[in-house]
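Colleague: what follows is a predicted protein model with its sequence.
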Amino acid sequence: MLKFKNITTQGKKPYLNNLNINIPIGGFVLLNYRSKLEKNKMIDLVCQLDIPRSGGIIIGGKNLTKFNCRSKIIHKRIGICFEDLKLIESKDVFENIIFPLQIHTKLSSKKLIEKGEKQLKRFGLLEKKNNSLTTLNLEEKQRLNIARSLVLDPELILLDNPQTNLKFEQIKSLMEYLKELNNSGKTIIIFTNNKKIENMINCDKYMLEKGEIFNV
Amino acid sequence: MFKKIKEMNTEINQLIKKNITYYTLSFTTLIFAFLFFNISIISIYNVYQSNKVLNKSYTLSIYMNNNVSQNSIEKIEKDILRLDGIEKISYINKELAFKKLAAQLGLSNSGISNPLLNSFVVKTAGEEKMNNAKLIIDEIDGVKEVVINKKSVVIINEKIKRNNKLIIGLLLITLLPIKLMIFNIMHSSVVSQNHDIEAKLYLGMEKKEILRPYYFINNMKFISAAIIGSLIFLNLYEYVKNQIVELNYLASTIQVGIVVGIIIILVNFIFPIISFNLIKVKR
């Protein structure tokens, strides 16, 4: 599903240097990292916000480096939960949750509302549907962030420190939900150094260090 | 297409609603900035116009020989008019000049022989052209003497120099900071939204699509503020010009309106192009 083939990023001292990883469809991977910059670079590459100096990134059989511009078709297949949330402050909770659907699908307003509400309900945010983001606490914001990353029902789910601001019980139920999704064929990658998460799931573990990925 | 316009409209409404105080304040500031921008521009324009008038007032007095016939005087006048840089020529008949002088002095001119000569007063464009013309006119048959009033030349030169300094001062002290202020307001109104712009980029939206509503709001704000600021300025200009009689040397309001109009149209054409380069966001 996601393949980084000999990836070296731009710059005199590239963050990623000859990085290789191959995550098959339905894979569940936990990625530890030493440097945040290296981890963020990997996310930038997946989001097509950066181009590698050499190597190829293959998502769902499509080589991203061959595209001249950002491909919405690929973006539609990826759901990302960002460490720094990246919620849109000018929009309310509901508008934030349906935003990926608005830009990547052509669903009718009725369907958008239906899907958005269903997702909010799943993450316990339906009562806050019309609230502005300023009224949410950090934990609710994180739940919204995770909910938004899954709203497109993506094939590849990338979660960057999903445990941030969540209580132990919430992390546990999130991991169970992710396992369910994985069992239904979704590919899941979690960037974290959190030991609780590591102990909760049994999956392939990798370490991102000095621009390369090692099997742990 | 209509769906896209509708979406953009919703996006614009959301942005304005969310940042209403910011937009109101920045719009008001922009109007004032344009008001001062116009004041600076028109002050410079008026000083420049006054310089142009001064530049055309370098004067030569040309005295004819006593025996020159009327035909020769007309020929000399035509020859002078053909010279480079001659702006205006007026003939002064010695009889009329004498009568005028006598009247001024309160004398009776009967019985006194007229000591004056027929002459021309010539206005030239610039000091250099005046000196060149003097050299040529000196050689014309029938011309007795060409006189330059050196004192008046010095005064004109000083006035022109002072005006040039004033133009540079106005340009540096008022125009540049105002221009910077206008562009800073426009720039900050997008930069302040950088967090949302970046979030949308990461969620897969195209940069062009994301920035479209920001550009639209910015350009509309810029154009409306420019028009409102200019209209306020023109009204103030007309009022001040009518109220203070000593200011009648200022350019007419219509003339000023045309200058302001041209500048505002130019600025409004340039701004949307520049605004695309104002924001640096990732790919």
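Modeller: Perfect, thanks for sending it. Numbers count the residues shown, from 1 in each chain, chains lettered A, B, ... in the order given.
Colleague: what is the mean pLDDT for stretch A:11-22?
Modeller: Stretch A:11-22 comes out with an average pLDDT of 91.
Colleague: first to last residue in it, what's the distance?
Modeller: One end of stretch A:11-22 sits 24 Å from the other (C-alpha to C-alpha, to the nearest Å).
Colleague: which residues are in contact with it?
Modeller: Applying C-beta atoms under 8 Å, 6 or more residues apart in numbering or on different chains, the contact partners of stretch A:11-22 are A:2-9, A:35, A:37-38, A:41-42, A:45, A:52-53, A:55, A:206, A:208, A:210-213. Every C-beta, even on glycine, is put in place using the N, C-alpha and C of the backbone.
Colleague: near chain B too, which of those?
Modeller: Among those, not one lies near chain B by C-beta under 8 Å from any C-beta of the partner chain.
Colleague: so where's the chain shaky on pLDDT?
Modeller: Since no chain was named, I'll use chain A. Counting by pLDDT under 70, chain A has low-confidence residues at A:68-69.
Colleague: wait, chain B was what I had in mind.
Modeller: In chain B (pLDDT under 70), the answer is B:1, B:108-111, B:271-283.
Colleague: out of the contacts of stretch A:11-22, which end up buried?
Modeller: Buried members of these, counted by 16 or more other C-beta atoms under 10 Å in any protein chain shown: A:2-5, A:7-9, A:38, A:41-42, A:45, A:52, A:55, A:206, A:208, A:211, A:213.
Colleague: now, which of the residues you listed lie within helices?
Modeller: Among the buried ones among the contacts of stretch A:11-22, the residues falling in helices (DSSP state H) are A:38, A:41-42, A:45.
Colleague: closest one of the residues you listed to chain B?
Modeller: Using C-beta to the nearest C-beta, A:L45 is the member of these that sits closest to chain B, with 11.2 Å.
Colleague: give the contact list for that closest one.
Modeller: A:4, A:7, A:9, A:16, A:52, A:57, A:64.
Colleague: got these as JSON lines, with distance to B:I20 columns?
Modeller: Output for the contacts of A:L45, formatted as JSON lines (distance: C-beta to C-beta, whole Å):
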{"residue": "A:F4", "distance to B:I20": "45"}
{"residue": "A:I7", "distance to B:I20": "45"}
{"residue": "A:T9", "distance to B:I20": "42"}
{"residue": "A:L16", "distance to B:I20": "43"}
{"residue": "A:P52", "distance to B:I20": "43"}
{"residue": "A:I57", "distance to B:I20": "42"}
{"residue": "A:L64", "distance to B:I20": "40"}
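Colleague: reformat the ones in helices among the buried ones among the contacts of stretch A:11-22 as JSON lines; add distance to A:K179.
Modeller: Formatted as JSON lines, these follow (distance: C-beta to C-beta, whole Å):
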{"residue": "A:E38", "distance to A:K179": "27"}
{"residue": "A:K41", "distance to A:K179": "28"}
{"residue": "A:M42", "distance to A:K179": "23"}
{"residue": "A:L45", "distance to A:K179": "27"}
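Colleague: quick one, helices of chain B?
Modeller: Using DSSP H, the helices of chain B run over residues B:2-18, B:20-55, B:70-82, B:94-105, B:127-138, B:150-170, B:176-191, B:194-202, B:207-243, B:253-275.
Colleague: nearest to chain A: which residue in chain B?
Modeller: For chain B and chain A, the shortest gap (C-beta to the nearest C-beta) falls at B:G204, measuring 3.2 Å.
Colleague: tell me if I'm right that that residue and A:H104 touch.
Modeller: Yes: the pair formed by B:G204 and A:H104 meets the contact definition of C-beta atoms under 8 Å, at 6.4 Å.
Colleague: got any residues that touch both of these two?
Modeller: Common neighbours of B:G204 and A:H104, counting by C-beta under 8 Å, 6+ apart, are A:72, A:75-76.
Colleague: top of these by neighbour count?
Modeller: A:H75 (23 neighbours; other C-beta atoms under 10 Å in any protein chain shown).
Colleague: residues in contact with that residue?
Modeller: By C-beta under 8 Å, 6+ apart, the contact list for A:H75 reads A:47-48, A:104, B:203-204.
Colleague: one step back: and the helices of chain B as TSV, adding mean neighbour count and distance to A:L158?
Modeller: Formatted as TSV, the helices of chain B follow (neighbours: other C-beta atoms under 10 Å in any protein chain shown; distance: least, C-beta to C-beta, whole Å):
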stretch	mean neighbour count	distance to A:L158
helix B:2-18	13	27
helix B:20-55	17	34
helix B:70-82	14	85
helix B:94-105	13	98
helix B:127-138	16	75
helix B:150-170	13	57
helix B:176-191	17	28
helix B:194-202	19	11
helix B:207-243	17	21
helix B:253-275	15	34
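Colleague: A:E89 is nearest to which of those helices?
Modeller: Ranking the helices of chain B by proximity to A:E89 (C-beta to C-beta) places helix B:194-202 first, at 5.8 Å.
Colleague: other SSEs contacting that closest one?
Modeller: In terms of contacts (3 or more C-beta pairs under 8 Å, 6 or more residues apart in numbering or on different chains; DSSP states H and E), helix B:194-202 is packed against helix B:207-243.
Colleague: in the sheet, who's paired with A:F4?
Modeller: Beta-bridge pairing for A:F4 (DSSP bridges): A:I21, A:I57.
Colleague: wait, it sits on A:N63?
Modeller: No: between A:F4 and A:N63 there is no contact under C-beta under 8 Å: 11.3 Å.
Colleague: leaving out chain neighbours, which residue sits closest to B:K129?
Modeller: Leaving aside its sequence neighbours, B:K129 sits nearest to B:G85 (C-beta to C-beta, 6 or more residues apart in numbering or on different chains; 2.9 Å).
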